[in-house]
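Engineer: sequence first, then the predicted structure:
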Amino acid sequence: MDPVSPWSTRTLHSRLSELRNEIGLTHDGNPLLPRPKNGAGYTFHRAVTSDWDHFQHLATRGLAAGPQEGLAYLESAMALVRGKPFDGRTPPWADPVVQEMLFQITDTAHTLARWHTDGDTPDLDAARRIVFHALDIEETSEVLDRDLLHIEWAANNPAAVRRTVARLQQMARAYDIILDGLTEDAIHLVLSDRPFPVTAG
C-alpha cells in the first residue's frame, strides 16, 4: 500500500483475501468485503458502518430539527467522539478526511454549546462540558474558545474568563497565529464587562 513501492496485483489479491477472511460474514452468510463484480472497485457490505457514519446522521438530523427537538441528537453525536480522528497520526491520504471530520465535530459542538447557553433554560455546565470535550479534539478552534468565553461570561465567572483569554493568547503564541477579529472582539467584550451579544459567532 506504499505509493512509492506499490504491491503487485498478486500480493494485493492475497492481502484482500486475508482481510476478507479476517473480517468475516454477515449474519446471513454474505462476506463483509465481497469480491468486486463487473470491474467495480472493492467496497464493504452495507452492513459495515462506522461511528463516523452514525455521527454524521445524528448531527444532520439534530441540526435540521433545531434546538427543541435536535438537542438530544447532537448530544448523542458528540458522545461518539472519543478522540482525535485517526488518533492524531494522520496518513497523508487522510488529510482532507480529517479536516472535514474536525470541521463537523467543531460545528456540532459549537451549535450544541450555543443551544445550551442561549436557550430559555440555559445549562451552562452542559455547554462547558461540550466545549472542553471538543477542544480536546481541536485545540486551536477559536469558535469553541469564543463559546467558552460566552459561557463563562454568562456564568459570571471572571476567573474562568481570564483563564480562557490566557489560553487563547498562549495558543496563538504556540502556533504563531493571529487571532481572528471576532475572537479579539469577544476578548475585549468580556474583559470590559459589557454585555456579550447572544448572536456572536
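Structural biologist: Looks like it came in fine.
Engineer: which SS class is the residue nearest the centre of the chain?
Structural biologist: The chain has residue 105 as the residue nearest its centroid, 2.0 Å off, counting by Cα atoms, centre = their mean. Assigned with DSSP: H, G, I helix; E, B strand; the rest coil, residue 105 falls in the helix class.
Engineer: residue 183: neighbouring residues, count only.
Structural biologist: 19 (other Cβ atoms under 10 Å). To be clear about C-beta, it is placed using only N, CA and C from the backbone, and glycine gets the same treatment.
Engineer: gap between the closest residue to residue 117 other than its chain neighbours and residue 37?
Structural biologist: Spatial nearest neighbour of residue 117, excluding adjacent residues (Cβ to Cβ, 6 or more residues apart in numbering): residue 127 at 4.6 Å. Taking Cβ to Cβ, to the nearest Å as the measure, residue 127 and residue 37 are separated by 50 Å.
Engineer: repeat that for residue 91.
Structural biologist: 29 Å.
Engineer: domain-wise, how is this structure divided?
Structural biologist: Using automatic domain parsing, the domain parsing of the chain gives 1-48, 51-192.
Engineer: let me see the mean pLDDT of the last one.
Structural biologist: This predicted structure assigns domain 51-192 an average pLDDT of 93.
Engineer: look at it and report the distance between its end residues.
Structural biologist: Domain 51-192 has an end-to-end distance of 43 Å (Cα to Cα, to the nearest Å).
Engineer: among residue 127 and residue 37, which residue is more densely surrounded?
Structural biologist: residue 127 (25 against 6).
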